[in-house]
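J.: Quick one: sequence and predicted model below, then my questions.
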Amino acid sequence: MIIILIIFAFVLIAFSLRFTWWLPTKKGLVALMYHNIEYTDGKDAFCISPKIFKNQLEIILNKGFTPVNFDEMAEAVLNGAPLPKKPIVITFDDGYLNNWTKAFPILKEKNIKANIFLTCDFIGVKEDYLTWQQVLEMQNSGLISFGSHSLTHRRLRDLTLEDAEREIKESKIMLEEKLNRPVYSFCYPYGAGAFDKRIRPLVLKAGYLFDFSTKKGINKLPLSKNKPILRAFPRGGETAFDFHLQLTRGRSKL
Ligand SMILES: [Zn+2]
């Protein structure tokens, strides 16, 4: 009997080690990566329900985080402007329509800043993506900033260098023209596995200050433009415990 209990306890401990509670907590800029905010059965990692999203925003505020946007990050790097005490940058990849229909009303209600990476050629063209009018309205609210997620959302690693450069450079030009303001941030389509050391210099050469990948972690302060921004990834179907670990360790599981 005792042996069974010991084995049971051992299995339980071994299972819990998958979660990162045993890692030390980290300080710095927390960056969160969202995609879709939509009603969901929790099975899609890239989709969070509006209710859970709202809960997560409440957790962020209750823990004393201050949401910042790309412009404030740029001010910090360019002019040494101080970031708030516990800064957090909330990001959405791709530019889905539900960022406007579901996420934006909640962000407005709570007066929380967030940032959206737009796939430029899809905006106002593809169903389920934002329109330029929605983008501008969100910008005018003063709460939402925008970054580039390339023109066509292809894996930059698989393109010729010329095509990759076009995706990086022309999306910045297009966004700056549409938004009438500088665009500082770029986010690699398909994340950390989809770019390599040929690609990153093109992003910096195009004039971006920050490149965001899917590599997990919390960013050391002061920010530098020499390192891609690490992000935590709250997934659909996860618990508040996962979210707590993401805010304090940059990831909830190994
Ligand atoms: Zn994407």
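T.: Great, that's in hand.
J.: alpha carbons only for contacts and neighbour counts from here, please
T.: OK.
J.: how about the residue of the stretch 151-254 of the chain found nearest the ion, what does it touch?
T.: Closest residue of the stretch 151-254 of the chain to the ion, Cα to the ion: Pro189 (4.5 Å). The contact partners of Pro189, by Cα atoms under 8 Å, 6 or more residues apart in numbering, come to His149, Ser150, His153, Arg154, Arg155, Leu156.
J.: Tell me which residues touch the closest residue to the ion within the stretch 1-150 of the chain, please.
T.: With Cα to the ion, the shortest gap between the stretch 1-150 of the chain and the ion falls at Asp94, namely 4.7 Å. Contact analysis of Asp94 by Cα under 8 Å, 6+ apart lists His35, Ile116, Phe117, Leu118, Thr119, His149.
J.: and what of Lys85?
T.: Lys85 sits next to Phe65, Thr66 when contact means Cα under 8 Å, 6+ apart.
J.: Now do it against Glu75, distance only.
T.: 15 Å (Cα to Cα, to the nearest Å).
J.: that older thread, got the contacts of Asp94 as CSV, with distance to Phe104 columns?
T.: As requested, the contacts of Asp94 are exported to CSV (distance: Cα to Cα, whole Å):
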residue, distance to Phe104
His35, 13
Ile116, 11
Phe117, 14
Leu118, 15
Thr119, 18
His149, 19
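J.: Which members of those residues occur in strands, if any?
T.: Counting by DSSP state E, the contacts of Asp94 place Ile116, Phe117, Leu118 in strands.
J.: I'd like those as CSV, with neighbour count appended.
T.: CSV is the format used below for the ones in strands among the contacts of Asp94 (neighbours: other Cα atoms under 10 Å):
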residue, neighbour count
Ile116, 28
Phe117, 24
Leu118, 28
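J.: Pick the one among those closest to Thr40.
T.: Ile116 (20.7 Å; Cα to Cα).
J.: Specify the beta-bridge partners of that closest one.
T.: Taking DSSP bridges, one obtains Phe92, Phe146 as the residues bridged to Ile116.
J.: Pretty sure Asp93 is one of the things it touches, is it not?
T.: Yes: in this structure Ile116 lies within contact range of Asp93 using Cα atoms under 8 Å: 6.1 Å.
J.: which stretches of this structure have low pLDDT?
T.: Within the chain, the stretches with pLDDT under 70 are 192.
J.: hmm, back to that, mind giving me a markdown table with the contacts of Asp94 and columns for distance to the ion?
T.: What follows is the contacts of Asp94, written out as a markdown table (distance: Cα to the ion, whole Å):
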| residue | distance to the ion |
| --- | --- |
| His35 | 8 |
| Ile116 | 11 |
| Phe117 | 8 |
| Leu118 | 9 |
| Thr119 | 8 |
| His149 | 7 |
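J.: Quick check: of the residues you listed, which lies closest to Ile4?
T.: Taking Cα to Cα as the measure, Ile4 sits nearest to His35 out of the contacts of Asp94, at 43.8 Å.
J.: count of residues packed around the closest one?
T.: Using other Cα atoms under 10 Å, His35 has 22 neighbouring residues.
J.: Does it touch Asn98 like I think?
T.: No: in this structure His35 lies outside contact range of Asn98 using Cα under 8 Å: 9.2 Å.
J.: Number of residues surrounding Pro105?
T.: Pro105 sits with 13 neighbouring residues when counted by other Cα under 10 Å.
J.: Same check on Leu209?
T.: If you count neighbours by other Cα under 10 Å, Leu209 ends up with 22.
J.: How about the contacts made by it?
T.: Ala74, Tyr184, Ser185, Lys225.
J.: Mind putting those residues into TSV with distance to Thr20 and neighbour count?
T.: Formatted as TSV, the contacts of Leu209 follow (distance: Cα to Cα, whole Å; neighbours: other Cα atoms under 10 Å):
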residue	distance to Thr20	neighbour count
Ala74	31	20
Tyr184	32	22
Ser185	29	27
Lys225	28	14
